[in-house]
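Participant: Pasted the sequence and its predicted model underneath.
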Amino acid sequence: MSKFIVWGGKPLKGTYVVSGAKNAGPKLPIAALLSNEKCIFHNIPRISDTYRTVDALTSLGCSVRFVDKNSVEVECADIYSSEIPLEAMSARQAVLFIGATLARTGKVIVYPPKGDAIGKRPLNRHLEGIKALGGHISRKNNRMEISMPTRPQSVTYTFEKNTHCGTENLILASVFNIGKVILKNAAEEPEVDNLIKCLNDMGAKIKRIESRVIEIRGVEPLLKGVESFSIFDRLEAATAIILSVMTGGNIAIKNAHKELLEPLVKTLKEIGVEVSFKKNIAKIVKIKKPLKSTEIITDWHPGFMTDWQPLITLMLAYMASGKSMIHERIFETRWRYLEELQKMGLRYDLFHPDAYGPEYYNFNDSEYDARETYAVNVYGPTDLQPAELNSHDVRAGIDMLLASIIANGKSIISDPQNHIDRGYENIVEKLNELGADIKRV
């Protein structure tokens with residue numbers, strides 16, 4: 001369990017350096033299962049999700065070692081197990097072991113994934129796709145045994161709704177297909193394209209043939225070794241940009257790629273904040289106070305990210321004038337952080353948006369509830385006060401950390417599941433270098 005003591009109200013300035021992407025870097029080493037040659041992956045963040053990937057690969061028989069601070073070498077010449085450890089499944093990317101292990105060995109034993117308390121993250125979209133490839137799934141207690149031909153037949157599969165990891169899982173499972181596999185309604189997130197580039201560099205034949213359609217032409221097993229790079233974290237870059245806005249705009253954000261942040265930058269401009277980018281360094285060049293209130297609807301890529309939602313909600317409550325509305329379409333239970341921020345003075349009203357049925361949301365139709373609150377009104381500006389807080393998920397935790405940096409006085413954040421460190425590499429050290437006063441105990 002982590003606990004953070006924050007003395008807020010300090011002026012911040014300097015350069016914040018963004019790490020490799022949490023939702024890309026820990027996944028890349030899993031691709032090494034499709035090769036028996038040495039693979040090296042760079043810009044991999046040293047976070048718990050990465051260590052869980054390393055442990056799972058090791059348990060399958062791979063040789064894994066860090067060859068530099070953020071570079072991992074993986075060699076999977078000898079695979080002697082197909083069971084993914086239960087502990088590994090607490091990391092989001094661990095579900096990709098399903099597709100990769102099936103492609104390598106034709107079988108996998110896996111346990112239901114864990115993760116943040118923001119939604120159920122069901123596996124149904126993954127498993128329906130695996131069955132379309134010829135997979136057979138049996139369940140015993142809390143364990144699934146899945147088998148599939150390592151070289152599945154040609155098939156065209158359409159995802160019912162957008163699924164980031166589901167798309168990646170089926171890509172991995174399909175690399176050695178006999179013919180070609182077409183994935184329709186496939187996710188377009190840049191992290192997916194990062195994995196596709198890595199696999200193509202290993203000898204796979206994967207391409208987007210049109211928007212939301214991916215073609216995988218089968219190649220002979222196995223793929224060759226590779227030296228590949230993770231993209232930088234667009235969620236961490238957004239976090240640093242929002243922090244800079246809230247503290248006066250004196251932070252430069254290094255490794256902030258504008259093309260990964262367009263929806264956020266566009267929204268910021270509309271409410272009174274201008275961000276400039278030069279050589280992938282972002283700086284705030286204008287803050288028109290108070291910020292304008294606005295309406296935001298989260299969406300799958302290329303829309304406004306659900307993971308940016310807590311950040312912009314906090315900023316609007318702190319700096320905007322009047323009522324702003326945020327409508328969450330991706331996860332059904334992403335509002336728990338509001339109860340914590342209410343302790344700091346945040347004012348809000350949760351409500352169920354009228355005239356939107358289950359087809360409007362990205363979670364399963366069966367999870368839709370006409371009584372559930374999928375939107376919130378927040379009211380600003382807010383004079384944030386220090387408080388004792390509890391973190392429930394990665395983005396909620398970082399929201400509380402940012403709010404505590406703003407509030408004058410001592411705040412304490414309890415993080416029983418270590419969510420903050422799970423999502424952000426060396427976050428305390430990075431923030432303290434800017435002038436914050438944070439102690440991890």
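Facilitator: Perfect, thanks for sending it. Remember, predicted model here, so these are calculated numbers, not experimental data.

Participant: Who are the contact partners of residue 383?
Facilitator: Residues near residue 383 by C-beta atoms under 8 Å, 6 or more residues apart in numbering: residue 345. Yep, even glycine has a C-beta here, placed from its N, CA and C like the rest.

Participant: how near is it to residue 346?
Facilitator: 10 Å (C-beta to C-beta, to the nearest Å).

Participant: cool, and residue 100?
Facilitator: Distance from residue 100 to residue 346, by C-beta to C-beta: 42 Å.

Participant: More neighbours: these two, which one.
Facilitator: With neighbours defined as other C-beta atoms under 10 Å, residue 100 and residue 346 compare such that residue 100 has more, 27 against 22.

Participant: And the strands in the stretch 51-200 of the chain?
Facilitator: For the stretch 51-200 of the chain, the strands defined by DSSP state E, counting those that start in this stretch cover 63-68, 71-75, 107-110, 136-140, 143-147, 153-158, 178-184.

Participant: What is the neighbour count of residue 230?
Facilitator: If we define neighbours as other C-beta under 10 Å, then residue 230 has 28 of them.

Participant: And it, how close does it get to residue 40?
Facilitator: From residue 230 over to residue 40 the distance is 12 Å, taken as C-beta to C-beta.

Participant: any low-confidence regions in the protein?
Facilitator: Counting by pLDDT under 70, the chain shows low-confidence ranges at 114-122.

Participant: Show me the domain layout of it.
Facilitator: 2-19+232-440, 25-222 (automatic domain parsing).

Participant: So what would you say the end-to-end distance of the first one is?
Facilitator: Right, domain 2-19+232-440. 7 Å (C-alpha to C-alpha, to the nearest Å).

Participant: Work out the gap between it and the centre of the chain.
Facilitator: 14 Å (C-alpha atoms, centre = their mean, to the nearest Å).

Participant: same deal with the last one?
Facilitator: The gap between the average C-alpha position of domain 25-222 and the chain average comes to 16 Å, counting by C-alpha atoms, centre = their mean.

Participant: what ranges do the helices span in the stretch 51-200 of the chain?
Facilitator: Secondary structure of the stretch 51-200 of the chain (DSSP state H, counting those that start in this stretch): helices at 96-105, 124-132, 164-174, 190-201.

Participant: Tabulate those in TSV, adding columns for distance to residue 45.
Facilitator: Below are those laid out as TSV (distance: least, C-beta to C-beta, whole Å):
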stretch	distance to residue 45
helix 96-105	16
helix 124-132	24
helix 164-174	17
helix 190-201	13
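
Participant: Tell me which of the ones you listed sits nearest to residue 290.
Facilitator: helix 190-201 (32.6 Å; C-beta to C-beta).

Participant: what comes into contact with the closest one?
Facilitator: Residues outside helix 190-201 that contact it (C-beta under 8 Å, 6+ apart): 21, 23-24, 27-28, 31, 34, 41, 164, 167-168, 171-172, 175, 186, 206-208, 214, 223, 226, 228, 230-231, 234, 260, 301.

Participant: Which of those residues are buried? Put it as a ChimeraX command.
Facilitator: Burial among the contacts of helix 190-201 is assessed by 16 or more other C-beta atoms under 10 Å; the matching ChimeraX selection reads:
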select :21,23,24,27,28,31,34,41,164,167,168,171,172,175,186,206,214,223,226,228,230,231,234,260,301
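
Participant: So which of the contacts of helix 190-201 are in strands?
Facilitator: Among the contacts of helix 190-201, the members found in strands (DSSP state E) are 41, 206, 207, 208, 214, 228.

Participant: Contacts only, for the second one.
Facilitator: Contact criterion C-beta under 8 Å, 6+ apart gives 171, 175, 196, 199, 200, 214, 215, 216, 217 as the residues in contact with residue 206.

Participant: can you count the residues close to residue 205?
Facilitator: Residue 205: 13 neighbours (other C-beta under 10 Å).

Participant: Spatially nearest residue to it (excluding sequence neighbours)?
Facilitator: The shortest distance from residue 205 to any non-neighbouring residue, by C-beta to C-beta, 6 or more residues apart in numbering, is to residue 217 (4.0 Å).

Participant: okay, now the one you found: neighbour count?
Facilitator: 15.

Participant: again, but for residue 135
Facilitator: Neighbour number of residue 135 under other C-beta under 10 Å is 22.

Participant: buried residues in stretch 415-431?
Facilitator: Buried, per 16+ other C-beta under 10 Å, within stretch 415-431: 415, 417, 419-425, 427-428, 430-431.

Participant: nearest spatial neighbour of residue 374, skipping sequence neighbours?
Facilitator: Nearest one to residue 374, counting by C-beta to C-beta, 6+ apart, is residue 328 at 5.5 Å.

Participant: An error on my part: the question was meant for residue 157.
Facilitator: residue 132 (4.5 Å).

Participant: I'd say the one you found and residue 155 touch.
Facilitator: Yes - the pair residue 132 / residue 155 is scored as a contact, 5.4 Å apart, by C-beta atoms under 8 Å.

Participant: about what we covered before: figure out which of the helices of the stretch 51-200 of the chain is closest to residue 86.
Facilitator: Nearest to residue 86, of all those, is helix 96-105, at 12.1 Å by C-beta to C-beta.

Participant: relative orientation of the closest one and helix 164-174 in degrees?
Facilitator: 0 degrees (axes from the mean of the first three to the mean of the last three C-alpha atoms, to 10 degrees).

Participant: List the residues that contact residue 426.
Facilitator: 19, 46.
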